[in-house]
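J.: Quick one, what's the 3D model for this:
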Amino acid sequence: MPKALKQPDIDEFRENLCLAATRLFAERGRDGFTMRELAADLGVSPMTPYRYFRDKEDIRAAVCVRAFNRFADALEAAYSTENDALSRSRAVGSAYVRFAFAEPFSYRLMFELGQPDEARYPAVTEATARARATMTRHVIPLIEQGILSGDPKLIGHVMWANLHGAVVLELAGKLDPDCGFDRIVDTSFRALLQGFAVRRS
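T.: Coordinates of the predicted model:
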């Protein structure tokens, strides 16, 4: 009979397993590795992962929830550090970029692969919705202070899509060095602010 583990040991192993699975999912895709290969990567017996998760999809759901919640934590913290609307918006964007470059495997899993079945894993739906809200919330003060005009959710998604595109291209090494990631992001942000700016008569 396997030795009973204490909760801290269980939590630590689950976290290590999720970290290893995140990398494998990002590198090989959802069907690119087996539970046996995951166990080998962790240096444990082939049946050990099944003591903690039902199957690989169960692991993928847990990995997504962890990633989206860490991501939301980072953006929410950035939002709360600033007082004026423009600084908040820039801080959220900077936190987004830091997370993507610090955790590229998590970022790919969150946005480049199909998500687990939401009906089976409602926690994924909740974590995704929370993260999505943090990516658009910063636009509301910009509108309230008369800096921008329009639908805050739509504007937030336009900004998000623009930043995501730049991040993916940078991670793939496809951006022209003459432009540079920071220059592209700064120029895009200023252009979007101008495009959605309140028109003064």
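
J.: and the longest helix for the chain?
T.: helix 56-80 (DSSP state H).

J.: So which other helices or strands are in contact with the next helix or strand after that helix?
T.: Following helix 56-80 in sequence order, the next helix or strand is helix 85-102 (DSSP states H and E). Secondary-structure packing of helix 85-102 (3 or more CB pairs under 8 Å, 6 or more residues apart in numbering; DSSP states H and E): helix 56-80, helix 104-111, helix 122-136, helix 139-144, helix 152-171, helix 181-195. All C-beta atoms are positioned from the backbone trio N, CA, C, and that covers glycine.

J.: what inclination does the helix or strand of the chain with the lowest mean pLDDT have with respect to helix 56-80?
T.: Least confident helix or strand of the chain, by mean pLDDT, DSSP states H and E, is helix 7-28 with a mean of 86. Going by axes from the mean of the first three to the mean of the last three CA atoms, to 10 degrees, helix 7-28 is angled at 100 degrees with respect to helix 56-80.

J.: CA atoms of the next helix or strand after helix 7-28 as CSV?
T.: Using DSSP H and E, the helix or strand that follows helix 7-28 in sequence is helix 35-42. Extracted in CSV, the C-alpha atoms of helix 35-42 (Å, rounded to 0.1, in the frame of the first residue of the first chain):
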residue,chain,number,x,y,z
MET,A,35,0.7,10.0,-18.8
ARG,A,36,3.6,7.5,-18.8
GLU,A,37,5.9,10.1,-20.4
LEU,A,38,4.8,12.7,-17.9
ALA,A,39,5.6,10.3,-15.1
ALA,A,40,9.0,9.6,-16.6
ASP,A,41,9.6,13.4,-16.8
LEU,A,42,8.9,13.7,-13.1
